[in-house]
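*Asks:* everything below, folded, please.
(one chain, ligands or ions: 1)
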Amino acid sequence: MYIEEVSIVNFKNIKENKVRFSPRLNCFIGNNGAGKTNMLDAVYYLSFCKSFFNSIDSLNINHAENYFMLQGNYIRRDSNEIISCGLQKGQKKQFKRNSKVYKKLAEHIGLLPLVMITPSDVNLILGGSDERRKFMDGVISQYNQNYLDDLLKYNRALQQRNNLLKQFVSDKYFDAELLGIWDSQLVEYGTRIHEERKKFVEKLIPVFQEYYTFISQGNEEVGLIHQSDFYDNNFEELLRESTPKDRMVQHTTVGIHKDDLELKIGDYPIKKLGSQGQNKTYLVALKLAQFNFIKQISELNPILLLDDIFDKLDQNRVEQIVKVVTGDQFGQIFITDTNREHLDGIIRKMETDFRIFYVESGTVKDLK
Ligand SMILES: Nc1ncnc2c1ncn2[C@@H]1O[C@H](COP(=O)(O)OP(=O)(O)OP(=O)(O)O)[C@@H](O)[C@H]1O
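*Replies:* Residues are numbered from 1 along each chain as shown. This next block holds a predicted model:
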């Protein structure tokens, strides 16, 4: 699957552009603030009905205008798909597939699978455990609708249990039976969520390690461990045992909402000891493993967006990444960089179809 052409009007700093892409490798080069990432974000938008960066949709409209429009022409399983989106200030956005307006945007998600790797992914390493749970949940819910459902129900039960714990303190009473209602819900949904996360991580680890070894050329060993209260414990008993503590702190201290991923380099946490280049390698390997996952499930080659991929990585690692993503396992790729020579040196060695675009003040010129 790939995007053949995109038309952009008033999206962020891109006033008007129509660009035809290579089905394989596309590179945007230009100075800082030129609009390279905005081009990637336009492609991201057409897959996910939202910007990767701005959750407030109106911020994506060019400051001097009052609407934006995006249109992408895709080739998907040998047929054409025309996806278009328009947003006028103060109005609801319209998202269309082959001229037909979607009733629910959720219907579109998954049609055009895409993985984006950006510098902000570093939060996965440096941020709190919620970032890593979000990563697991984001991937699993792309292929398992029941998982998302269980997650919503778990979070609702958790909220209710926490409210009750607060109420016990403020009203100076305790009712174990009432608390038990929420406990059994947490056990039911939590057990299923745990099983899915466990399966996901087990499948992810070997693929992730293989990518890391390839990119670092075997220089370092990395690991990833799913940490959860559910391993070695009966969750029902655990909830019961932690109730005195929960009553004191007025929230639930055990459960899948405390899960984490321990990210290791050698025997140490990468958060503490990883260099910036090692962190970046770790993230790229993790996201490429995610790519494999989504590819298997969707039976389509997702589009891969690599923003600022050269930053912090040495030439060898960049070459290894470009080598792997231009291989048979991958499809259409978009790369941004500020330095053309840097990019030229690497791309010319690869036997792949490519296009290079120069971006300046929101205007895109095809250099090849
Ligand atoms: N709604 C908007 N209207 C107009 N300009 C916008 C809007 N949103 C963002 N911009 C501008 O887009 C530019 C950022 O573009 P982008 O992030 O694509 O740069 P870039 O080429 O990737 O730069 P870098 O190399 O620094 O990562 C900024 O100048 C920003 O002010």
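*Asks:* does Phe53 touch Asp41 like I think?
*Replies:* Yes. If you go by C-beta atoms under 8 Å, Phe53 and Asp41 touch, sitting 6.1 Å apart. For the C-beta atoms, the positions are set from N, CA and C on the backbone; glycine is no exception.
*Asks:* those two: who's more crowded?
*Replies:* Counting neighbours by other C-beta atoms under 10 Å for Phe53 and for Asp41 shows that Asp41 has the greater number, 25 against 15.
*Asks:* how about the residues of the stretch 51-200 of the chain that lie near the ligand?
*Replies:* Leu59, Asn60, Ile61, Asn62, His63 (C-beta under 6 Å from any ligand atom).
*Asks:* go with 8 Å
*Replies:* Within the stretch 51-200 of the chain, the residues that sit near the ligand (C-beta under 8 Å from any ligand atom) are Asn54, Leu59, Asn60, Ile61, Asn62, His63, Ala64.
*Asks:* how much space between Gly218 and Ile125?
*Replies:* According to C-beta to C-beta, to the nearest Å, Gly218 and Ile125 sit 21 Å apart.
*Asks:* the more surrounded of the two?
*Replies:* Shown here are Gly218 and Ile125; by other C-beta under 10 Å, Ile125 has more neighbours (20 against 9).
*Asks:* for Asn233, state which of the residues of the stretch 51-200 of the chain next to the ligand is nearest.
*Replies:* Asn54 (41.1 Å; C-beta to C-beta).
*Asks:* give the contact list for whichever residue of the stretch 251-368 of the chain sits closest to the ligand.
*Replies:* Nearest residue of the stretch 251-368 of the chain to the ligand, counting by C-beta to the nearest ligand atom: Thr338, 5.2 Å away. Each residue near Thr338 by C-beta atoms under 8 Å, 6 or more residues apart in numbering is listed here: Ile29, Gly30, Asn31, Asn32.
*Asks:* give me the buried positions along stretch 122-130.
*Replies:* Applying a neighbour-count criterion of 16 or more other C-beta atoms under 10 Å, the buried positions in stretch 122-130 are Val122, Leu124, Ile125.
*Asks:* distance between the ends of it?
*Replies:* This stretch, stretch 122-130, spans 13 Å end to end (C-alpha to C-alpha, to the nearest Å).
*Asks:* what's in contact with that stretch?
*Replies:* 131-132, 135, 258-261, 263, 270-271, 274, 279-280, 282-283, 286.
*Asks:* for stretch 86-106, same thing?
*Replies:* 49, 57-58, 60-61, 66-70, 81-85, 108, 111.
*Asks:* buried among these? Make that a PyMOL selection.
*Replies:* Applied in PyMOL, the following selects the buried portion of the contacts of stretch 86-106 according to 16+ other C-beta under 10 Å:
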select buried, resi 49+57+60+61+67+68+69+70+81+83+84+85+108+111
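*Asks:* list the strands paired with the helix or strand where Lys264 lies, with their directions.
*Replies:* Using DSSP states H and E, Lys264 falls within strand 260-265. Strand 260-265 has the following strand partners under DSSP bridges: strand 222-227 (antiparallel), strand 268-269 (antiparallel).
*Asks:* for the ligand, which of those strands is the nearest?
*Replies:* In terms of C-beta to the nearest ligand atom, the element of the strands paired with strand 260-265 nearest to the ligand is strand 222-227, at 27.1 Å.
*Asks:* kindly format the C-alpha coordinates of stretch 299-306 as PDB.
*Replies:* The C-alpha coordinates for stretch 299-306 follow below in PDB (Å, rounded to 0.1, in the frame of the first residue of the first chain):
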ATOM      1  CA  GLU A 299      -1.700  -7.900   5.800                       C
ATOM      2  CA  LEU A 300      -0.600  -4.600   4.300                       C
ATOM      3  CA  ASN A 301       2.800  -2.900   4.300                       C
ATOM      4  CA  PRO A 302       2.300   0.200   6.600                       C
ATOM      5  CA  ILE A 303       3.600   3.500   5.400                       C
ATOM      6  CA  LEU A 304       6.700   4.400   7.500                       C
ATOM      7  CA  LEU A 305       7.500   8.000   8.500                       C
ATOM      8  CA  LEU A 306      10.900   8.700   9.900                       C
END
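*Asks:* what mean pLDDT does that stretch get?
*Replies:* For stretch 299-306, mean pLDDT rounds to 96.
*Asks:* what about that stretch, near the ligand?
*Replies:* No. Figure legend: stretch 299-306 not in contact with the ligand (C-beta under 8 Å from any ligand atom); closest approach 11.6 Å.
*Asks:* list the contacts of that stretch.
*Replies:* So stretch 299-306 is contacted by 1-3, 40, 43-44, 47, 76-77, 112-118, 291, 294-295, 321, 325, 330-336 (C-beta under 8 Å, 6+ apart).
*Asks:* which ones among the residues you listed lie within strands?
*Replies:* Under the assignment DSSP state E, the contacts of stretch 299-306 contribute Tyr2, Ile3, Arg76, Leu114, Val115, Met116, Ile117, Ile333, Phe334, Ile335, Thr336 to strands.
*Asks:* just the buried members of those?
*Replies:* Buried members of the ones in strands among the contacts of stretch 299-306, counted by 16+ other C-beta under 10 Å: Tyr2, Ile3, Leu114, Val115, Met116, Ile117, Ile333, Phe334, Ile335, Thr336.
*Asks:* which strand residues bridge the last one?
*Replies:* It stands for Thr336. Phe28.
*Asks:* next up, the contacts around it.
*Replies:* By C-beta under 8 Å, 6+ apart, the contact list for Thr336 reads Cys27, Phe28, Ile29, Lys36, Thr37, Met39, Leu40, Leu306, Asp307, Asp308, Ile309.
*Asks:* thinking again about what came up before, just put the buried ones among the ones in strands among the contacts of stretch 299-306 in a markdown table and tack on pLDDT.
*Replies:* Output for those, formatted as a markdown table (pLDDT from 0 to 100):
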| residue | pLDDT |
| --- | --- |
| Tyr2 | 98 |
| Ile3 | 98 |
| Leu114 | 95 |
| Val115 | 95 |
| Met116 | 96 |
| Ile117 | 95 |
| Ile333 | 97 |
| Phe334 | 97 |
| Ile335 | 94 |
| Thr336 | 94 |
